[in-house]
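Q: when you get a sec, could you give me coordinates for this:
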Amino acid sequence: MQHTRAFVITSWALRLIVAVILLQTLFFKFTAAKESIYIFSTLGVEPWGRIASGIFELIASILLLMPVTVPLGAAMALAACGSAMLLHVTKLGIALTAVGDNGELFTLAAVVVACAMGILAMHGRPYFEMLRRVA
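A: A predicted model of the protein is given here:
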């Protein structure tokens, strides 16, 4: 299927935004930065939750950059950051003032969720139809 230039540019822009945000957070997760340790300790899943979520986000980023797996990468990014937002709202708080975060992590998660939803809207239809036929 041939896409317009605007479609391709928008798709790549959204995918790069998500991938860059997810990849830059990996540094903090994999180097055990104080913010990451605080978050995952508060949730009671430090260190394995921090490392597992980092691996999950790394896989999502890679999948977003490979044309065949874009919808799967977007779905994984949506799951990762949607759950992060839910945890911020229910257990952590929007702003993590104990570690100097004024809501930036929540905002980044919201940006990823919005972009991932856009990516799924653009690329997900064939996969959703295939799943519907299988079910």
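
Q: output the lowest-mean-pLDDT helix or strand in the chain as CSV, restricted to C-alpha atoms.
A: Using mean pLDDT, DSSP states H and E, the weakest-scoring helix or strand in the chain turns out to be helix 125-134, at a mean of 80. Taking Å, rounded to 0.1, in the frame of the first residue of the first chain, the C-alpha atoms of helix 125-134 are listed here in CSV:
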residue,chain,number,x,y,z
ARG,A,125,-6.0,-1.2,11.0
PRO,A,126,-4.7,-4.2,9.1
TYR,A,127,-3.6,-5.9,12.3
PHE,A,128,-6.9,-5.1,14.1
GLU,A,129,-8.8,-6.6,11.1
MET,A,130,-6.6,-9.7,11.2
LEU,A,131,-7.2,-10.1,14.9
ARG,A,132,-11.0,-9.7,14.4
ARG,A,133,-11.0,-12.4,11.7
VAL,A,134,-9.0,-14.8,14.0
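
Q: state the distance from Ala98 to Ile39.
A: 10 Å (CB to CB, to the nearest Å). In short, each C-beta sits where N, CA and C put it, glycine included.

Q: which residues touch Ile37?
A: 46-47, 50 (CB atoms under 8 Å, 6 or more residues apart in numbering).

Q: just give me the closest of those residues to Phe30.
A: Arg50 (8.4 Å; CB to CB).

Q: so the closest one is in contact with Lys34, correct?
A: No: judged on CB atoms under 8 Å, Arg50 makes no contact with Lys34 at a distance of 11.8 Å.

Q: the more surrounded of these two?
A: Arg50 (21 against 11; other CB atoms under 10 Å).

Q: how would you label the more buried one: helix, strand or coil?
A: helix (DSSP: H, G, I helix; E, B strand; the rest coil).

Q: one more: the one 3 residues further on?
A: Using three-state DSSP, the secondary structure recorded for Ser53 is helix.

Q: tell me where the model's unsure across this structure.
A: 1 (pLDDT under 70).

Q: so which residues of it form helices?
A: Along the chain, counting by DSSP state H, helices occupy 5-30, 34-42, 48-64, 70-87, 104-123, 125-134.

Q: among those, which is nearest Ile94?
A: Short answer: helix 104-123, nearest of those by CB to CB, at 4.9 Å.

Q: thanks a lot, see you next time.
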